[in-house]
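In: Model the following, please.
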Amino acid sequence: MSEFASSTVVQPEPLLEVNDLKMHFPVKEGILMKSKRYNKAVDGVSFSIKPGETLGLVGESGCGKSTLGRCVVDLYKPTSGQIKFEGQDVALLPKSDKLAFRRNIQMIFQDPMESLNSRHTVGDIIEEPLIIHKMGDALWRKKRVLELLDIVGLPARSVTRYPFEFSGGQRQRIGIARAIALNPKLIVCDEAVSALDVSIQSQILNLLVELQREFNLSYLFIAHDLAVVKHISDRIAIMYLGRVVETASAETIYSGNKHPYTRSLLSAIPIPDPHHKPDRIVLQGDVPSPINPPSGCTFHPRCGHCEAVCRSEVPRLRNLESAAHRLSCHVDLIS
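Out: Next comes the predicted model:
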């Protein structure tokens, strides 16, 4: 090694930074339909994603995962907070730069049938973003569509067919082809495999991993299944009722987690061994309403480790042994 080489590893700047993001939807009530209360779908979330990294976002249905993803891709305008992409505040981008931003961040939706226009051929669906962003002439775009179909493992003859002629896994491949058509830097995968059979899920996950390696993509991978997230994620963020309660590397989440909610999710993962008796952690009660969340820690009504401070004080997301492992809990679980 050269004597001038630095002994410290320079960490890349985050591609995406989300700071204290909130998305509160007004609830209109009464004869005059006034908004007196709010659905706090996302309530103060912060995280970052580096180039080439996958952050898995996990939580129960209704915890705000998909809403957060739609805020990131600018489909929703957040109530407050900040989203920075490549160091630029997305909310402050002029209209002239918004198109370039949207070119660099794309989304793969949960239901491939609903997210694809049933009246358009596959060729038209994949070519549409190229036309919107005025990329190449008609001949170049046709060649690009065929290239994208080949990349995602679909035959060239698919270009003249319609979405209803394909299986669920094939339709998701079409959605992936559309998402990578513009060579984005970040893709938000919103429950991208949850609607597919288990065997097809593994194929799509492997395809996403291959695409990430080939094109240096970053993913925000949203799911409710920790077993699926483990396969693809570098880091995992656990979300509950609009807030992130624990963030760490995938390995730490599975072997060194600290939050009781994380442990309950992990205990629900099925193990393919008939002789193994799972040590399930069954949570009591239902998920509280985000319109009227509990005081203090929102998880305290269902937590078996609840103390008095949990009912009155909101825990902050703090660093543990290192900045790589963050926890939002008043009680440290040792084992």
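In: Quick one: neighbours of Asp225, just the number.
Out: 17 (other Cβ atoms under 10 Å). Using the backbone N, CA and C atoms, a C-beta is placed for each residue, glycine as well.
In: now swap in Lys50 and tell me
Out: Count around Lys50 with other Cβ under 10 Å applied: 16.
In: Assign the closest residue to it other than its chain neighbours to helix, strand or coil.
Out: Leaving aside its sequence neighbours, Lys50 sits nearest to Pro12 (Cβ to Cβ, 6 or more residues apart in numbering; 5.2 Å). Assigned by DSSP: H, G, I helix; E, B strand; the rest coil, the conformation of Pro12 is coil.
In: Touching, Pro12 and Ser48? I think so.
Out: No: applying Cβ atoms under 8 Å as the test, Pro12 and Ser48 come out as separate, 10.7 Å apart.
In: Please identify which of those two sits among more neighbours.
Out: Ranked by neighbour count (other Cβ under 10 Å), Pro12 and Ser48 place Ser48 first, with 16 against 9.
In: Ramachandran angles for the more buried one?
Out: Phi and psi for Ser48, reported as degrees, to the nearest 10, are phi -140, psi 160.
In: I figured it was touching Leu16, is that so?
Out: Yes: with contact defined as Cβ under 8 Å, Ser48 counts as touching Leu16 (6.4 Å).
In: Show the contacting residues for Ser328.
Out: Arg243, Val244, Val245, Glu246, His259, Cys297, Pro315, Arg316, Leu317, Arg318 (Cβ atoms under 8 Å, 6 or more residues apart in numbering).
In: which one of these sits closest to Gly136?
Out: Val244 (40.6 Å; Cβ to Cβ).
In: So what's the residue count around the closest one?
Out: 24.
In: which residues does it bridge with?
Out: Met239 (DSSP bridges).
In: tell me the pLDDT at it?
Out: At Val244, the predicted lDDT confidence score is 95.
In: and the gap between it and Cys63?
Out: To Cys63, Val244 is 10 Å away according to Cβ to Cβ, to the nearest Å.
In: Pro14 too?
Out: Distance of Pro14 to Cys63, computed by Cβ to Cβ: 23 Å.
In: who's in contact with the most centrally placed residue in the chain?
Out: Residue closest to the average C-alpha location in the chain (Cα atoms, centre = their mean): Ile222, at 3.2 Å. Neighbour list for Ile222: Gly56, Leu57, Lys65, Ser66, Leu68, Gly69, Val188, Cys189, Asp190, Glu191, Ala192 [criterion: Cβ under 8 Å, 6+ apart].
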